[in-house]
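1. how would this look folded up:
(4 chains)
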Protein chains: 2
Amino acid sequence: MERDTSQRRAIRRVFREIGRPLSPQEVLENGREHAPNLGIATVYRSVKGLMEEGWLVPVEVPGEPQRYELSGKDHHHHFSCKACGRIFDFDGCPSNLGGLVPPGFEMDDHEIYIYGRCAECAGVKV
Amino acid sequence: MERDTSQRRAIRRVFREIGRPLSPQEVLENGREHAPNLGIATVYRSVKGLMEEGWLVPVEVPGEPQRYELSGKDHHHHFSCKACGRIFDFDGCPSNLGGLVPPGFEMDDHEIYIYGRCAECAGVKV
DNA sequence: AGCTTAATGATAACGCATTTTCGCTTTGCG
DNA sequence: CGCAAAGCGAAAATGCGTTATCATTAAGCT
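-> Just a heads-up that it's a prediction; the model follows:
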């Protein structure tokens, strides 16, 4: 991750413009619009580098391939659209989670996933 | 899934006695205490059958192999112990999740994961 | 512009969970 | 008890996401 290549510019641009967590495949498909012969190996290499730089953070979704999104966002969680398969961010989270933990258990962290239809897919139902 | 074999009895017993979501590997290890030469293929076959019967339900945890637990439990979510890697159930969940969803999005379902240390591992810290 | 070398991309290889194969074992009906 | 067929286990095969290989391309310093 030292040289500034068109592929890496395309990959960074995709994350900046799309603004939701992306899998390597999604990065590849979207990145090819700006760097036509982008390869999957380059996507993996670049994403790994951008993670090490702290520019990206990993986003894990149950039963889905690993995704990545821009780091530095406020605390948030993820919405998974059952129709299009895309993952979206949403802000805020309940404050009373600690109270759910069984006695003796210690809570460090938490994740919330909401499943349903994104605005675009819900609108299409009409 | 028609004959009642010692292997299947062992597998059902493991789920009944341990009472938390188990991966096929965990089922294998625990099941071997009751059916010593149990094989992983049998675990996968039996778990698949028990799922189709509705006796087990799948539990997906981000970045972890698939787990299964007894069906019929009340609504609950899962706690992942960072120390021992085991998954536990906990009851209850916040009621105000619907309010977090962005405008136009439709919520069908949700999952909550809490990460930390289980009672056993937290106690060991002493 | 020339040159060194990091970066790329096609493809092979890998890791891991899961499924299939196949010869042997066991269930359970007759 | 005898026997047909379901079930078993070890190991090979599969699927899929990710990583390594290696010949070629292209940054970017001089």
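
2. would you list every one of the strands in chain A?
-> Remark: strands assigned in chain A by DSSP state E are A:56-59, A:67-70, A:76-81, A:87-91, A:106-117.

3. what about the closest residue to DNA strand C within chain A, distance to residue B:32?
-> Residue nearest to DNA strand C within chain A: residue A:39 (2.6 Å; C-beta to the nearest atom of the strand). Just so you know, the C-beta spots here come from the backbone N, C-alpha and C atoms, and that holds for glycine as well. Residue A:39 is 45 Å from residue B:32, where distance means C-beta to C-beta, to the nearest Å.

4. Kindly report the same for residue A:109.
-> Plainly put, residue A:109 is 33 Å away from residue B:32 if you go by C-beta to C-beta.

5. Who has more neighbours out of those two?
-> More crowded of residue A:109 and residue B:32, by other C-beta atoms under 10 Å in any protein chain shown: residue B:32, with 15 against 10.

6. wait, what's in contact with residue A:19?
-> Contact analysis of residue A:19 by C-beta atoms under 8 Å, 6 or more residues apart in numbering or on different chains lists A:70, A:89.

7. any idea how far residue A:101 is from it?
-> According to C-beta to C-beta, residue A:19 stands 33 Å off from residue A:101.

8. now residue A:85
-> According to C-beta to C-beta, residue A:85 and residue A:101 sit 32 Å apart.

9. Could you check which of those two is surrounded by more residues?
-> Between residue A:85 and residue A:101, counting by other C-beta under 10 Å, residue A:101 is the more crowded of the two (18 against 12).

10. Surely the more buried one is in contact with residue B:90?
-> Yes: Residue A:101 sits in contact with residue B:90 when judged by C-beta atoms under 8 Å, with a separation of 6.2 Å.

11. Tell me which residues touch the residue nearest to residue A:110 when sequence neighbours are not counted, please.
-> Take residue A:110 and drop its neighbours on the chain: the residue closest to it by C-beta to C-beta, 6 or more residues apart in numbering or on different chains is residue B:114, 4.8 Å away. Contacts of residue B:114 were listed using C-beta under 8 Å, 6+ apart, and they are A:97, A:100, A:101, A:107, A:109, A:110, B:77, B:78, B:79, B:80, B:90.

12. OK, contacts around residue A:35?
-> By C-beta under 8 Å, 6+ apart, the residues touching residue A:35 are A:6, A:7, A:9, A:10.

13. Name only those of the residues you listed that count as buried.
-> Neighbour-count burial (16 or more other C-beta atoms under 10 Å in any protein chain shown) applied to the contacts of residue A:35 gives A:7, A:10.

14. could I get the contacts of residue A:35 as JSON lines with pLDDT?
-> Shown next, in JSON lines, are the contacts of residue A:35 (pLDDT from 0 to 100):
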{"residue": "A:6", "pLDDT": "97"}
{"residue": "A:7", "pLDDT": "97"}
{"residue": "A:9", "pLDDT": "98"}
{"residue": "A:10", "pLDDT": "98"}
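
15. Right, I'll call it a day here.
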